[in-house]
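Q: turn this into a structure:
(4 chains)
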Protein chains: 4
Amino acid sequence: MRIPPTLPHEHYVLTIRCRDAVGIVAGVASALAAAGAFIIESSHFGDPDTSLFFMRTEFRPTEARFRSVEDFATALKPVAQRFDMQLELHPAQAPMKVMLAVSRHGHCLNHLLNRWHSGELPVDVVGVVSNHEDMRRMVDWYGIPYHHLPMGKDKGAQEAAFLKVVEESGTELVVLARYMQVLSDRMCEALQGRCINIHHSFLPSFKGARPYHQAHARGVKLVGATAHYVTKDLDEGPIIEQDSVRVGHGMDANALARVGKDVENVVLARAVHWHAERRVLLNGLRTVVFRQGGA
Amino acid sequence: MRIPPTLPHEHYVLTIRCRDAVGIVAGVASALAAAGAFIIESSHFGDPDTSLFFMRTEFRPTEARFRSVEDFATALKPVAQRFDMQLELHPAQAPMKVMLAVSRHGHCLNHLLNRWHSGELPVDVVGVVSNHEDMRRMVDWYGIPYHHLPMGKDKGAQEAAFLKVVEESGTELVVLARYMQVLSDRMCEALQGRCINIHHSFLPSFKGARPYHQAHARGVKLVGATAHYVTKDLDEGPIIEQDSVRVGHGMDANALARVGKDVENVVLARAVHWHAERRVLLNGLRTVVFRQGGA
Amino acid sequence: MRIPPTLPHEHYVLTIRCRDAVGIVAGVASALAAAGAFIIESSHFGDPDTSLFFMRTEFRPTEARFRSVEDFATALKPVAQRFDMQLELHPAQAPMKVMLAVSRHGHCLNHLLNRWHSGELPVDVVGVVSNHEDMRRMVDWYGIPYHHLPMGKDKGAQEAAFLKVVEESGTELVVLARYMQVLSDRMCEALQGRCINIHHSFLPSFKGARPYHQAHARGVKLVGATAHYVTKDLDEGPIIEQDSVRVGHGMDANALARVGKDVENVVLARAVHWHAERRVLLNGLRTVVFRQGGA
Amino acid sequence: MRIPPTLPHEHYVLTIRCRDAVGIVAGVASALAAAGAFIIESSHFGDPDTSLFFMRTEFRPTEARFRSVEDFATALKPVAQRFDMQLELHPAQAPMKVMLAVSRHGHCLNHLLNRWHSGELPVDVVGVVSNHEDMRRMVDWYGIPYHHLPMGKDKGAQEAAFLKVVEESGTELVVLARYMQVLSDRMCEALQGRCINIHHSFLPSFKGARPYHQAHARGVKLVGATAHYVTKDLDEGPIIEQDSVRVGHGMDANALARVGKDVENVVLARAVHWHAERRVLLNGLRTVVFRQGGA
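A: The predicted structure is shown next:
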């Protein structure tokens, strides 16, 4: 049997979250097959702790009758209703709109922008917000708007301006790329599930300020970084990705910070990449991350 | 909707290999759902290079009518025929019968036996083959047969004796845990797809003899280990797992060998574990490895 | 210039700890050179935070006049007094006497004993202490004493018995290889600087009981292990070594424990190895670890 | 004893290479102590295979009489002559002049420039050479010269122009940051010991062209990168640093290339950093790398 031809890059990504039960995969796969969808990649996971079911399927159309999000949404409606699913369906070729936020440390910003500029980060960077002017020149080079929103006495006003920029730009994801401000509870709520932060430690170790100094004082032999969704509980949000690097007694806090930056760059870029490809699903205080096969 | 109760550990593992096409997942999932199978874990992968489709599904019964391998095999027969599948179905609670082979370096053997003895390696070790007597005392302690098959002038006779032990014990997987003999082409064929070797380098670097000495001479900064299926092409078989560890200029070949042993232990045990859980599928000269979610 | 011949393995290890100053290395190296010592490996470190200086030098004699610890100690006495050094000098060929302690999880014990038995861990295992009987058979196989010291109502009595075993055997290092008892303050003091514990988390994350369950609940993407000196502050002692391994959403606490054991084995064995080679020096709440060149 | 005060950053780096012998460390340390040098960090290594001795010492002056390279060079002259040393002495605050070379993949260039611009890479980037125009805009942003030297029919002329740029700029180190041209033997000789290349595989695996495609075809489970000195033997030069990252069956050669770039960035930046701090010494076909204590 030959695989039918298709338009290049005409992919769709389906994500599902519901109570676990017999027949979910059968129901979804049958609805997709009936609509001529050719499955490229698919993963599911049933959490025995919470009895929740998670699924991500990437497919492409093979029949002329089914060619749009609406077509497939209609085809999936019965099974979605039967299992009371939270179901999302997106064309893969429409990159997610992302707003970056930064303060004075520009390494993560530079890494994300370079990756995006070379076509490797599947997002659409719609702008950069900063409470400082330091990174304006770099952002100008990339030809995207720089929103300088200094943190004055009125934190509420600054955050309102930040949210306005988010709304007006159609931002789907906010990335705190070393944005050194604690968001208010209200801001956290407004961005729930669509705001990723990079914390420069291997959480839950060294929450709060100056984690590399804490790590140096404790004498750890590895330092790490953690990308997580932002929640009201500081540095307690669901973890998306972590990694670590070996350090030694001869390195002071500055040296830890220097080697740690490499880990921050990579960990944050992975988290943004996976979120943008809709590979990350929230599971209470944890995440389900459907990475590319076997990686 | 509540998840129906089941007998503890009454799991089945289904693996499938066939040409890729629209409707495979739907067909399999529908057949399973109709038979009341509750899916615990499932992964699939379509290789765009070869147009082959691979699937592994772990499920448990929820209906009295479907309780045995035969019941589910019957339920899956139509879809298997429709897509011309290589389909395997095994009860997960029946551990795979494994024969270990070793020469004089006992670290991998010790690691595998300890893991098995503590109930963490889901296999049934049916014996150990060796061309030396060195490891007999260790194997005796574990209460399993030790087959001393010295390598005399007649390699064919030794291999015939080895294969006889494999057959008579019902061995499903042979693990070369630092067995320092090159298998003949005939032996490789006889054990095709069911013989795993650990090579003490990061293949394809340093094939052949004394890889740690080769690594030292080349001055590499990491050494590694590779678990792979044995084929007629020495050290060229499909790779199941690899890992590496940092080394430095102050370490001679013996020191590399010492730290490398930790990697060999872990890499081989992972490969055996995954093979025993039927997570590894052959894809030409490569493998598809469906690891536990997100790991 | 040819390197003068020497007796095989006739090495000495010198460690020094003192206030940092100009001329220490010159003083020590000159005293050693005058005594005909050929330096094999040497490292030093001055901590700018504490103004302490640390040094480890491995050397071998080349002159007939200097052939014993006493000879070299005499040669080093003036420089030691001048800089008020804590100086230790040991023949490298005299392996450190080590007592292992274990409760019911035998993986670290098995790993250490196997490494020692194959001649790769440069220690002399003088016995095993346990509050349970589970590991007796394994220890018997290795032909070393098993001291069963059950934890009754009188913790003080049990610890006194433990210390008696330590003293009578001439133990230089106690290794808690998954010994699941919190040592009393008195016991910690008695073993200060010569008792290493393995904690099954990436400290300071997940101190205390059931760290893998804590890690699962937090949803971390890496789990780790930490080898540290035991102090009165539980899980707060100076860290010798740490490492980590990737985990995923599909793994429950038991699965984390299973993959974590590989890290525990390796991390504890490294720490014991380095301590036994006198590569680890205490620096307040931290350690200086002079690893083999470049590793 | 108090550590005498000094000017900030007035450090010197001393490197030594000679035949191994008794008394070298004593001789050097005594000469330095007599000149009032306070040792900040020091490492040495005697290679038993080659009987060569390597040393790197970082120190700062504490006496008014010794304040320049010349002062210390004079102080070290007798010991240097006695042991026939290759001895180099440099002020640490004079950053090494570096020329970067790139073709069309800009990730390593971007990473190095960002690191340098943020003051974390202790070098002085004097320009960028490229056989293409693609990276000019990025380099312009950083305000450094961009030398476009297209590869026409006359390779010799292009290389002569390259060497002229190197000479006229006072370049001490050339970094091939994904410069996709094989240097001629003559060029290799001219840059011997001062030209670092990044190869996008874990050498000696996958030498030559398109290593990610080779890695995909072989089905490896890790990909890596290697920073090495350039020699006439392609991809055979002395290795400075390597690292690797996990990949899986679901990733094609492009996906390997994408994740591999993170490793390339980090490995090359480390190699350049260590070379610039004169931590890397050539030892035949291998290197001695004196990394910061314990890292």
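Q: okay, now the sheet partners of the least confident helix or strand in chain A by mean pLDDT, with direction.
A: Comparing every helix and strand of chain A by mean pLDDT, DSSP states H and E singles out strand A:37-47 as the least confident one, with a mean of 90. The partner list of strand A:37-47 in its sheet, established with DSSP bridges, is strand A:52-61 (antiparallel), strand B:37-47 (antiparallel).
Q: make CSV out of those strands and add distance to D:Q158.
A: For every residue, glycine as well, the C-beta is placed using N, CA and C. Written out in CSV, the entries for the strands paired with strand A:37-47 read as follows (distance: least, C-beta to C-beta, whole Å):
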stretch, distance to D:Q158
strand A:52-61, 45
strand B:37-47, 42
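Q: hang on, A:V139 in a helix?
A: Yes: secondary structure of A:V139 (DSSP: H, G, I helix; E, B strand; the rest coil): part of a helix.
Q: so what's it up against?
A: A:L109, A:L113, A:V128, A:P145, A:Y146 (C-beta atoms under 8 Å, 6 or more residues apart in numbering or on different chains).
Q: list the contacts of the helix or strand the first one falls within.
A: Just to be clear, that refers to A:L109. Per DSSP states H and E, A:L109 falls inside helix A:107-117. Helix A:107-117 is contacted from outside by A:100, A:102, A:121, A:123, A:125, A:128, A:135, A:138-139, A:142, A:175, A:177-178, A:198, A:261, A:264-265, A:268-269, A:272, D:106-107, D:110-111, D:114, D:118, using C-beta under 8 Å, 6+ apart.
Q: now the buried members of those.
A: Buried members of those, scored by 16 or more other C-beta atoms under 10 Å in any protein chain shown, are A:100, A:102, A:121, A:123, A:125, A:128, A:135, A:138-139, A:142, A:175, A:177-178, A:198, A:261, A:264-265, A:268-269, A:272, D:106-107, D:110-111, D:114.
Q: circling back: dump the strands paired with strand A:37-47 into CSV; add mean neighbour count as well.
A: Listed next are those as CSV, based on neighbours: other C-beta atoms under 10 Å in any protein chain shown:
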stretch, mean neighbour count
strand A:52-61, 22
strand B:37-47, 23
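Q: which of the contacts of A:V139 sits closest to A:L183?
A: Minimum distance to A:L183 across the contacts of A:V139 is 16.7 Å, recorded for A:V128 (C-beta to C-beta).
Q: where does that closest one land in three-state SS?
A: At A:V128, secondary structure determined by three-state DSSP is strand.
Q: beta partners for it?
A: For A:V128, the beta-bridge partners are A:L100, A:Y146 (DSSP bridges).
Q: show me what contacts it?
A: Here A:V128 is in contact with A:M99, A:L100, A:A101, A:V102, A:L109, A:M135, A:V139, A:I144, A:P145, A:Y146, A:H147 (criterion: C-beta under 8 Å, 6+ apart).
Q: quick check: end-to-end length of stretch A:244-259?
A: Start to finish, the residues bounding stretch A:244-259 are 10 Å apart (C-alpha to C-alpha, to the nearest Å).
Q: residue ranges with poor pLDDT in the stretch 151-295 of chain A?
A: Low-confidence segments of the stretch 151-295 of chain A, defined by pLDDT under 70: A:294-295.
Q: now the stretch 1-150 of chain A
A: Across the stretch 1-150 of chain A (using pLDDT under 70), the flagged ranges come out as A:1-9.
Q: residues from it in reach of chain B?
A: Contact residues of the stretch 1-150 of chain A with respect to chain B, defined by C-beta under 8 Å from any C-beta of the partner chain, are listed as A:1, A:3-4, A:19-30, A:32-34, A:36-46, A:51, A:62, A:83.
Q: so what's A:H199 up against?
A: Neighbouring residues of A:H199 by C-beta under 8 Å, 6+ apart: A:K207, A:P211, A:A225, A:T226, A:A227, A:H228, A:D235.
Q: and what of A:G208?
A: The contact partners of A:G208, taken as C-beta under 8 Å, 6+ apart, are A:L234, A:D235.
Q: any idea how far it lies from chain D?
A: From A:G208 over to chain D the distance is 24 Å, taken as C-beta to the nearest C-beta, to the nearest Å.
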